[in-house]
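**Student:** build the 3D model from these lines:
(chains A and B)
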Number of protein chains: 2
Amino acid sequence: MCEETIEQAVVLLSGGLDSATVLAIARERGIACHALSFDYGQRHAAELAAARRIAAASEVTSHHIVSVALDQFGGSALTDSRLQIPNQAAGGVIPVTYVPARNTVFLSLALAQAEALGIRDIFIGVNAVDYSGYPDCRPEFIAAFERLANVATKAGVEGRQFRIHAPLIQMAKADIIRRGAELGVDYALTVSCYQADESGAACKVCEACRLRARGFQDAGVADPTRYA
Amino acid sequence: MCEETIEQAVVLLSGGLDSATVLAIARERGIACHALSFDYGQRHAAELAAARRIAAASEVTSHHIVSVALDQFGGSALTDSRLQIPNQAAGGVIPVTYVPARNTVFLSLALAQAEALGIRDIFIGVNAVDYSGYPDCRPEFIAAFERLANVATKAGVEGRQFRIHAPLIQMAKADIIRRGAELGVDYALTVSCYQADESGAACKVCEACRLRARGFQDAGVADPTRYA
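**Tutor:** Numbering: from 1, shown residues only, chains lettered A, B, ... in the order given. Sure, this is the predicted structure:
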């Protein structure tokens, strides 16, 4: 498969395993990466420290952390400490860790940065295989956002089409980890846990921890996760 | 025409003439309105003071001002004081006052609030007749965002469809002003100017001032705008 040359991209970087892998995939292609992270009122603020570590280790061109207080609206266990993070998968329903419109807000801000910088490629680490069932991690969401981007912007209307790249979207967690390991991603830098402590140590029981641990096991890759 | 009953809505409120009129239209329909404004690094911060005045006068249910620093990305004369606000229409091209992806970011945050509150109706005062040619003020943008909202969210996926209402989108500025005057909107509270001073006094020469002044003239409504 012949990949088109991309010079620059905006790469969403949460501090978790998936986005660290996406950043490594983009860097391996020689793309100058503008990493973009969000301080959105998440309880697991350790993931922002992780994002900083990963950005530094990946020699990104820039790293912005945008503050946007989604916690002021409530509606999610990830931003409201009065709600408990569940210890298991929700079993076919979207769990309380869903944050209303989170990836829509994040991609909108990535689009704002990309257009301002004259960049038309945006990378995001969503995954619709080993995931929590969030609607804004599915291929139809990515396709709908790409369509929106190209009618919403000056660049899109003038024919410089935006592309939203979600290279992990159809990959199993184990395959993501294997790919990242090949690329030299240091997963010890990443934090996936929904309730990691300040040091980044993980709880081992939330759904994000379970998906991550099973991924390392299935991949046959040593799991560097620190647990509290 | 029979209008469906809407109990609650999120209403984007910039502090300008159009969004004040939209809020009045929604309030006249008996809708409990959650007004949403943005401190996005705009040079004309007087519009936020105007938004507060309008929200108070309109007996809104809540008024949030969300901070999201779009000026950190640059790319617009509205957020970068090194760029000059032009004194005339750009003549067929999108002017430098365009802010990359602004309405996409604003509607995304409105969607986040709406979903968190269990609301499915969002009102926005975009207009594609007497406007500056911004791509994110056109009907195709609104339609694309509505489609996105319904694949991006838990509520949308579960069948509680979001609707983006843009009641002014096909109205001439004079008609907007006539409608607002009928509804008792106090346009003296509003600020449209792209470079209003701290007191809210307008420059009279930017495109926003020109569109506004011509609108009052064509409507035959007394223009309460204060000029610097």
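
**Student:** could you list the single helix or strand in chain A with the lowest mean pLDDT?
**Tutor:** Within chain A, confidence by mean pLDDT, DSSP states H and E is lowest for helix A:154-157 among all helices and strands, at a mean of 93.

**Student:** the helix or strand following it pairs with which strands?
**Tutor:** Using DSSP states H and E, the helix or strand that follows helix A:154-157 in sequence is strand A:163-165. Using DSSP bridges, the strands paired with strand A:163-165 are strand A:121-123 (parallel).

**Student:** where in chain A is pLDDT low?
**Tutor:** Scanning chain A for pLDDT under 70 picks out A:1-2, A:90.

**Student:** just give me the longest helix of it.
**Tutor:** Counting residues, the longest helix found in chain A (DSSP state H) is helix A:102-117.

**Student:** relative orientation of it and helix B:102-117 in degrees?
**Tutor:** Following axes from the mean of the first three to the mean of the last three Cα atoms, to 10 degrees, one obtains 170 degrees for the angle between helix A:102-117 and helix B:102-117.

**Student:** do helix A:102-117 and chain B meet?
**Tutor:** Yes - applying Cβ under 8 Å from any Cβ of the partner chain, one finds helix A:102-117 in contact with chain B at A:102-105, A:108-109, A:111-113, A:115-117. Just so you know, the C-beta spots here come from the backbone N, C-alpha and C atoms, and that holds for glycine as well.

**Student:** quickly list what the closest residue to A:H165 other than its chain neighbours is bridged to.
**Tutor:** Nearest non-adjacent residue to A:H165, counting by Cβ to Cβ, 6 or more residues apart in numbering or on different chains: A:F123, 4.7 Å away. Taking DSSP bridges as the rule, A:F123 bridges to A:V11, A:H165.

**Student:** phi and psi next, for A:D80.
**Tutor:** Backbone torsions for A:D80, taken as degrees, to the nearest 10, come to phi -120, psi 110.

**Student:** surely it touches A:L70?
**Tutor:** No - contact criterion Cβ atoms under 8 Å: A:D80 and A:L70 do not qualify, at 10.3 Å.

**Student:** more neighbours, the two?
**Tutor:** Taking other Cβ atoms under 10 Å in any protein chain shown, A:D80 and A:L70 do not tie; A:L70 has more neighbours (26 against 17).

**Student:** give the contact list for the more buried one.
**Tutor:** By Cβ atoms under 8 Å, 6 or more residues apart in numbering or on different chains, the contact set of A:L70 is A:40-41, A:76, A:79, A:99-100, A:102, A:105, B:112.

**Student:** output the residues you listed as TSV; include the columns distance to A:H165 and neighbour count.
**Tutor:** What follows is those, written out as TSV (distance: Cβ to Cβ, whole Å; neighbours: other Cβ atoms under 10 Å in any protein chain shown):
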residue	distance to A:H165	neighbour count
A:Y40	22	21
A:G41	27	19
A:S76	26	25
A:T79	27	22
A:V99	22	28
A:P100	24	24
A:R102	19	24
A:V105	19	26
B:A112	24	27
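
**Student:** ok, so of those, who is nearest B:Q88?
**Tutor:** A:V105 (34.9 Å; Cβ to Cβ).

**Student:** skip the chain neighbours and tell me the closest residue to the closest one.
**Tutor:** B:S108 (4.5 Å).

**Student:** what separation is there between the one you found and A:K173?
**Tutor:** 28 Å (Cβ to Cβ, to the nearest Å).

**Student:** more neighbours, the two?
**Tutor:** Neighbour totals were compared for B:S108 and A:K173, and B:S108 leads with 28 against 23 (other Cβ under 10 Å).

**Student:** from memory the more buried one sits against A:S108, does it?
**Tutor:** Yes - in this structure B:S108 lies within contact range of A:S108 using Cβ under 8 Å: 4.2 Å.

**Student:** in chain A, which spans are helices?
**Tutor:** For chain A, helices defined by DSSP H occupy the ranges A:17-28, A:46-57, A:102-117, A:139-152, A:154-157, A:173-182, A:207-219.

**Student:** max-length strand in chain A?
**Tutor:** strand A:32-39 (DSSP state E).

**Student:** what packs against that strand?
**Tutor:** strand A:8-12, helix A:17-28, helix A:46-57, strand A:62-67, helix A:102-117 (3 or more Cβ pairs under 8 Å, 6 or more residues apart in numbering or on different chains; DSSP states H and E).

**Student:** can you rerun that using 6 Å?
**Tutor:** strand A:8-12, strand A:62-67 (3 or more Cβ pairs under 6 Å, 6 or more residues apart in numbering or on different chains; DSSP states H and E).

**Student:** how about A:A114: what's its closest non-neighbour residue?
**Tutor:** A:V10 (4.7 Å).

**Student:** quick one, what contacts the one you found?
**Tutor:** With contact set as Cβ atoms under 6 Å, 6 or more residues apart in numbering or on different chains, A:V10 has these partners: A:34, A:36, A:110, A:113-114, A:119, A:122.

**Student:** now, among those, which is nearest to B:F216?
**Tutor:** For these, the nearest to B:F216 is A:Q113 (37.3 Å; Cβ to Cβ).

**Student:** got the contact list for the residue nearest to that closest one when sequence neighbours are not counted?
**Tutor:** Take A:Q113 and drop its neighbours on the chain: the residue closest to it by Cβ to Cβ, 6+ apart is B:F73, 4.6 Å away. Counting by Cβ under 6 Å, 6+ apart, B:F73 touches A:112-113, A:116.

**Student:** related to what we said a few turns ago, reformat the contacts of A:L70 as a markdown table; add distance to A:A26.
**Tutor:** Shown next, in a markdown table, are those (distance: Cβ to Cβ, whole Å):
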| residue | distance to A:A26 |
| --- | --- |
| A:Y40 | 23 |
| A:G41 | 27 |
| A:S76 | 28 |
| A:T79 | 28 |
| A:V99 | 24 |
| A:P100 | 28 |
| A:R102 | 21 |
| A:V105 | 22 |
| B:A112 | 27 |
